[in-house]
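Enquirer: Sequence first, then the predicted structure, then my questions.
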Amino acid sequence: MFGIPGQSPVTITPAAVRQIRKLMERDNRFGLKIGIKKGGCAGMEYTMDYVDAAETNDEVVEQDGARVLIAPMAQMFLFGTEIDYETALLESAFKFRNPNVTDACGCGESIKFKDVEELTAGQDAQG
C-alpha cells in the first residue's frame, strides 16, 4: 500500500459508516469494495461493489463496524480520500473527497488523476 505505515489510506465519515454498516448487515456481506476503472468523460470512474470476502492484496479498512476494501490497482489513487454519504432531496449517494483528483466531469461520476496515463500503462499491458 502506498502511504504512511500505520495510517489508514482512506477516512470514512460517520454518515458513510452508518450506510456501509446498514447495507452490510441487510445483505449479510463482508464489506464494500472500491476500485477504479477507465471510463466516463474525464477518463476514470470509481467502482463500488459489496463483496463476500477480501481478495489477495485488497487493502481492508475497518471503522466502527463498517468494512471498506480497496482494490490493488485503486490504492495509489485513493490514498488520502474521505468517503462520505450524503442525503439530499433528490438523491442519496456516496461521495469521495479525493485530493488526488485533478478534474471531474459536471455530473461528478467521472474523474481524472494527474499522470494517469503513465500510471495505468502497465495495467493495460497486463490486461
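Expert: Looks like it arrived, so ask away.
Enquirer: any idea how far the residue nearest in space to the middle of the chain lies from G80?
Expert: Residue closest to the average C-alpha location in the chain (C-alpha atoms, centre = their mean): I34, at 3.8 Å. I34 is 14 Å from G80, where distance means C-beta to C-beta, to the nearest Å. No exception for glycine: its C-beta is placed from N, CA and C like everyone else's.
Enquirer: for D49, same thing?
Expert: D49 is 22 Å from G80, by C-beta to C-beta.
Enquirer: who's more crowded, those two?
Expert: Between D49 and G80, counted using other C-beta atoms under 10 Å, G80 has the larger neighbour count: 16 against 12.
Enquirer: Give me the outermost residue of the protein relative to its centroid.
Expert: Distance-from-mean max, the chain, by C-alpha atoms, centre = their mean: L89 at 24.1 Å.
Enquirer: Which pLDDT does the model give that one?
Expert: Per-residue pLDDT puts L89 at 84.
Enquirer: what do you get for T102?
Expert: Looking at T102, its pLDDT reads 71.
Enquirer: Would you mark the buried spots in the longest helix along the chain?
Expert: Scanning the chain for the helix with the most residues, using DSSP state H, yields helix 14-27. Buried residues in helix 14-27, counting neighbours by 16 or more other C-beta atoms under 10 Å, are found at 15-17, 19-21, 24.
Enquirer: Good, wrapping up.
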